[in-house]
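Enquirer: Need the 3D shape of this:
(one chain, ligands or ions: 3)
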Amino acid sequence: MTATRVLVLNSGSSSVKYQLLDMGNGSRLAVGLVERIGEQTSRLVHTPLGTGGEKRERTGPIADHEAALRAVSEELSADGLGLDSPDLAAIGHRVVHGGSRFSEPTVVDDEVLAEIERLIPVAPLHNPANVTGIRTARALRPDLPQVAVFDTAFHTTMPESAARYAIDVETADTHRIRRYGFHGTSHAYVSRETAKLLGKAPEDINVIVLHLGNGASASAVAGGRCMDTSMGLTPLEGLVMGTRSGDIDPAVTFHLQRVAGMSTDEIDVLLNKKSGLVGLCGDNDMREIRRRIDAGDRSALLAFEIYIHRLKKYIGAYYAVLGRVDAVVFTAGVGENAAPVRAAAVAGLEELGLALDSARNEERSEGARIISTPYARVTVAVVPTDEELEIARQTFALIGGELPD
Ligand SMILES: Nc1ncnc2c1ncn2[C@@H]1O[C@H](COP(=O)(O)OP(=O)(O)O)[C@@H](O)[C@H]1O
Ligand SMILES: CC(=O)OP(=O)(O)O
Ligand SMILES: [Mg+2]
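Expert: Ligands and ions are numbered 1, 2, ... in the order given. The predicted structure follows:
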């Protein structure tokens, strides 16, 4: 095989993150992001690496994911890294829901694409964008393998005791209702990187991974295997998120239907898009929430406290699930950048062996780092996630490429 480049597209509900990597030597050729797709203030940030090109940024409306991907393709072409390049071996796609069928990276054909589309009702914010990403990439390069890497894959080995809901078994099985879990590519990557940071083998450590982005989830990983994770049938369960409620008494939905007269679709929108931090205080960006708290805003403070309360409950729960914890690890946009979230989440957990070194916690540096005190029994760390790199590796391996050591 001569072509060794892999383009990875991580299409989210309102954004596309992408990376072009050369898997032959492990180098990154370009990274970028399109955010606020569908708004007037869409922004594309494109950074070519190692080609002498400059970081470029453009703002202005980008209507949908198809337009976003065409814009990305233009940016890559401007650096001589276009999708028409013969050096491109494959395109890897993050696909959020793989249902009960996909537990491995999969080359996408019409039938696989139809199955990803069928799963839209259980990942309404994500699978539509993933499908558009695959369709657009296929139209641009029909000759290349398009590989889907599923968020759900890492969680497929969860014990039944964690994966099953306590509802009528026949109903659950007929409708494939179970806890699938998401952000699996990140949980897998980050738990392995944590082992490296601790100088241990992944098989030998138990880790609680806190993936806190706009969507957020926690997982309990024992010896490299997922034992539990906070998202469920859909990415709505679990932690308080940017716009999603996380855990809620399911009877709230009946109540909204019967008493408030809301339709199923209205409740879906309420819980997925108008809840979480944005529902509580009007903002979903942790930077803005912290700024408002510093200015004395009480609703932002309450939103923060509710977010932390839930997070702390999951740390405690997963501590109990694992029995012994070697590390608690923060990752993704909030986890990697928001020191006050990390400090508040582990405050008061000294009896569990968790204690932060506040100077280390507040240090702004790139890369994986330990932020607990040297005498703490449990290591607390920040480990940046890299879903795109992990997707590129899995994509390249699937098409038969050999990764350098
Ligand atoms: N410097 C920062 N300080 C605090 N929070 C941040 C910072 N940078 C990003 N974030 C948070 O990270 C979120 C985005 O995280 P990310 O992992 O990129 O999410 P997603 O993949 O779900 O879009 C933002 O909504 C914001 O809340
Ligand atoms: C599954 C999920 O919530 O993904 P994201 O955090 O990218 O929205
Ligand atoms: Mg994400």
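
Enquirer: For the stretch 301-405 of the chain, what lies in contact range of ligand 1?
Expert: Where proximity means CB under 6 Å from any ligand atom, the interface of the stretch 301-405 of the chain facing ligand 1 comprises Ala332, Gly333, Val334, Asn337, Ala338. All C-beta spots, glycine's among them, are computed from the backbone N, C-alpha and C.

Enquirer: again, 8 Å this time
Expert: Ala332, Gly333, Val334, Gly335, Glu336, Asn337, Ala338, Val341, Thr385 (CB under 8 Å from any ligand atom).

Enquirer: for the chain, same thing?
Expert: Residues of the chain lying close to ligand 1 by CB under 8 Å from any ligand atom are 10, 12-15, 17, 35, 211-216, 242, 277, 284-290, 332-338, 341, 385.

Enquirer: For ligand 2, tell me which of those show up nearby.
Expert: Applying CB under 8 Å from any ligand atom to the residues of the chain next to ligand 1, those adjacent to ligand 2 are Asn10, Gly12, Ser13, Ser15, His211, Gly213, Asn214, Gly215, Ala216, Ala332.

Enquirer: What is the neighbour count of the first one?
Expert: If I follow you right, that is Asn10. For Asn10, the count of nearby residues is 23 (other CB atoms under 10 Å).

Enquirer: Look at the closest residue to ligand 2 within the stretch 101-250 of the chain and report its pLDDT.
Expert: Of all residues in the stretch 101-250 of the chain, Gly215 sits closest to ligand 2, at 2.3 Å by CB to the nearest ligand atom. Per-residue confidence (pLDDT) for Gly215: 94.

Enquirer: Contact partners for it?
Expert: Gly215 is in contact with Phe182, His183, Pro235, Met241, Gly242, Arg244, counting by CB atoms under 8 Å, 6 or more residues apart in numbering.

Enquirer: From these, pick the one nearest ligand 1.
Expert: Closest approach to ligand 1 among the contacts of Gly215 (CB to the nearest ligand atom): Gly242, at 5.4 Å.

Enquirer: correct me, but that closest one touches Leu280?
Expert: No: counting by CB atoms under 8 Å, Gly242 stays clear of Leu280, with 10.7 Å between them.

Enquirer: Residue of the stretch 201-350 of the chain nearest ligand 1, please.
Expert: Checked against ligand 1 (CB to the nearest ligand atom), the nearest residue in the stretch 201-350 of the chain is Gly333, 2.0 Å away.

Enquirer: so where does that residue fall, helix or strand?
Expert: For Gly333, the host element (DSSP states H and E) is helix 332-337.

Enquirer: Just the CA trace of that helix, in PDB.
Expert: Only the C-alpha atoms of helix 332-337 are listed here, as PDB (Å, rounded to 0.1, in the frame of the first residue of the first chain):
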ATOM      1  CA  ALA A 332     -12.700  17.000  26.600                       C
ATOM      2  CA  GLY A 333     -13.400  20.700  26.400                       C
ATOM      3  CA  VAL A 334     -14.600  21.300  29.900                       C
ATOM      4  CA  GLY A 335     -12.500  18.500  31.600                       C
ATOM      5  CA  GLU A 336      -9.200  19.700  29.900                       C
ATOM      6  CA  ASN A 337      -9.700  23.400  30.400                       C
END
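
Enquirer: Determine the set of other helices and strands touching the helix or strand just after that helix.
Expert: Sequence-wise, the next helix or strand downstream of helix 332-337 (DSSP H and E) is helix 339-346. Contact partners of helix 339-346 among helices and strands, from 3 or more CB pairs under 8 Å, 6 or more residues apart in numbering; DSSP states H and E: helix 298-322, strand 327-331, helix 332-337, helix 358-362, strand 379-382.

Enquirer: relative to strand 327-331, how tilted is helix 339-346?
Expert: Interaxial angle, helix 339-346 versus strand 327-331 (axes from the mean of the first three to the mean of the last three CA atoms, to 10 degrees): 150 degrees.

Enquirer: Would you mind writing the CA trace of helix 339-346 as PDB?
Expert: Included here for helix 339-346 are C-alpha records, laid out as PDB according to Å, rounded to 0.1, in the frame of the first residue of the first chain:
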ATOM      1  CA  ALA A 339      -9.900  24.000  36.500                       C
ATOM      2  CA  PRO A 340     -12.800  25.200  38.700                       C
ATOM      3  CA  VAL A 341     -14.900  22.200  37.500                       C
ATOM      4  CA  ARG A 342     -12.100  19.800  38.400                       C
ATOM      5  CA  ALA A 343     -11.500  21.400  41.800                       C
ATOM      6  CA  ALA A 344     -15.200  21.400  42.700                       C
ATOM      7  CA  ALA A 345     -15.800  17.800  41.500                       C
ATOM      8  CA  VAL A 346     -13.100  16.300  43.800                       C
END
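
Enquirer: list the buried ones in it?
Expert: Ala339, Pro340, Val341, Arg342, Ala344, Ala345, Val346 (16 or more other CB atoms under 10 Å).

Enquirer: Of the residues of the chain next to ligand 1, keep whichever come out buried.
Expert: Counted by 16+ other CB under 10 Å, these give 10, 12-15, 17, 35, 211-216, 242, 277, 284, 286, 289-290, 332-338, 341, 385 as buried.

Enquirer: among those, which are in helices?
Expert: Among these, the members found in helices (DSSP state H) are Leu277, Met286, Ile289, Arg290, Ala332, Gly333, Val334, Gly335, Glu336, Asn337, Val341.
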